[in-house]
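Asker: The following comprises the amino acid sequence and a computationally predicted model.
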Amino acid sequence: MDPSQPTTASDTLPRAAEATDLGDARTTGFRLPIGYFRWVICALLLLGVTKNYMDRQVLGVLKTTLLHDFRWNEIDFARLVKAFQAAYAVGMLVMGWLVDRVGTRWGYAVAMVFWSVASMGTSLANSLRGFAMSRYALGFWEPAVFPASIKAVAEWFPKKERALATGIFNAGTNIGAIVTPLVVPWIVVHWGWRAAFVGIGATGFLWLAVWLLMYRKPEDHSRVSKAELQYIQSDPQEAARKINWAGLVPLRQTWAFALGKFLTDPIWWFYLFWVPG
């Protein structure tokens, strides 16, 4: 527009719109409003972690009931806890590989099916061995929740938001630990302790239906706007490279992570399995 010409109201409106767009661009780097669907995915991850911890904690909430009904002692209960933890240690090594191999969507889905079935299958147990078998299965498949969730965050969030998204879905560990002692006793009073395993386990299939319906990579998702996709992909991706197991051992990061888990996990697992009783 020629600056010598007088400004009219019709000229002012496009300028205002342009100024608004530029203001958005200065704030976000994009002219179009950035969508929010990535946070819907984060909420779904939060629910998945909550479900995961509810499944593993049902046994701890029912500890007193099961000790009474089956005439177990504390050592018997400790054997069940050890069965879960031993399988969990093995599963931690396998599940990350599985999620990388088949992808986030199907890796998480397969694990959810198997650990939900294992949780429900506990209702059929009538002996210590039967309970131990179900805990082995549950412990083996449940570790998939964290590599799958972290991989989903890497796919759906730019680096500047990944710490926040991880903190949100990881809050499901505490939500599950709070909700389970509130829900399970109510189920036991109305339908018995076997129904608690069935009910909590069956919710996994409700989550699974929503997960398969909603989860895709952002570039393949119809609900993701062009601006949101550009924002998600705004950080340059590092080239992926394979590292063998032996190459991880000398790294300080490996030992820092392992030491942190070694110091904190015994306390956390004590709260999950022993304090409710």
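Answerer: Good, I have the coordinates.

Asker: use CA for all of it now, contacts and neighbours both
Answerer: Fine.

Asker: Trp141 is in what secondary structure piece?
Answerer: With secondary structure defined by DSSP states H and E, Trp141 is part of helix 128-141.

Asker: C-terminal to that helix, what's the next element?
Answerer: The helix or strand immediately downstream of helix 128-141 is helix 145-156, counting by DSSP H and E.

Asker: Can you tell me how far Lys242 is from Leu248?
Answerer: Per Cα to Cα, to the nearest Å, Lys242 is found 11 Å from Leu248.

Asker: quick one on the thing from earlier: tell me which residues of the helix holding Trp141 are tucked away?
Answerer: For helix 128-141, burial by neighbour count (16 or more other Cα atoms under 10 Å) applies to 131-141.

Asker: likewise stretch 91-99?
Answerer: Of the residues in stretch 91-99, those with enough neighbours to count as buried (16+ other Cα under 10 Å) are 91-92, 95-96, 98-99.

Asker: From Thr264, how far off is Leu251?
Answerer: When distance is defined by Cα to Cα, Leu251 is 21 Å away from Thr264.

Asker: any idea where the helices of the stretch 151-277 of the chain begin and end?
Answerer: Taking DSSP state H, counting those that start in this stretch, the helices of the stretch 151-277 of the chain run over residues 159-170, 172-191, 193-214, 226-232, 245-248, 252-273.

Asker: any idea which of those scores lowest on pLDDT?
Answerer: Out of these, the stretch the model trusts least by mean pLDDT is helix 245-248, with a mean of 84.

Asker: For that one, give me every contacting residue.
Answerer: Thr254 (Cα atoms under 8 Å, 6 or more residues apart in numbering).

Asker: buried ones in that helix?
Answerer: In terms of neighbour count (16+ other Cα under 10 Å), helix 245-248 has no buried residues at all.

Asker: following the longest helix seen in the chain, which helix or strand shows up next?
Answerer: With secondary structure taken from DSSP state H, the chain has its longest helix at helix 74-102. Read in the C-terminal direction, the helix or strand following helix 74-102 is helix 104-121, with elements assigned using DSSP H and E.

Asker: What helices and strands are in contact with that following helix?
Answerer: Counting contacts by 3 or more Cα pairs under 8 Å, 6 or more residues apart in numbering; DSSP states H and E, the secondary-structure elements packed against helix 104-121 are helix 74-102, helix 128-141, helix 145-156, helix 193-214.

Asker: Tell me which of the ones you listed sits nearest to Leu229.
Answerer: When the helices and strands packed on helix 104-121 are ranked by proximity to Leu229, the top entry is helix 145-156, at 8.7 Å, counting by Cα to Cα.

Asker: as a whole number, average confidence for the closest one?
Answerer: Averaged across helix 145-156, the pLDDT comes to 95.

Asker: tell me the contacts of the closest residue to Gly107 other than its chain neighbours?
Answerer: Taking Cα to Cα, 6 or more residues apart in numbering, and ignoring the residues beside it in sequence, Gly107 has Val99 as its nearest neighbour in space, at 4.5 Å. For Val99, the set of contacting residues under the criterion of Cα under 8 Å, 6+ apart consists of 106-108, 144, 147-148.
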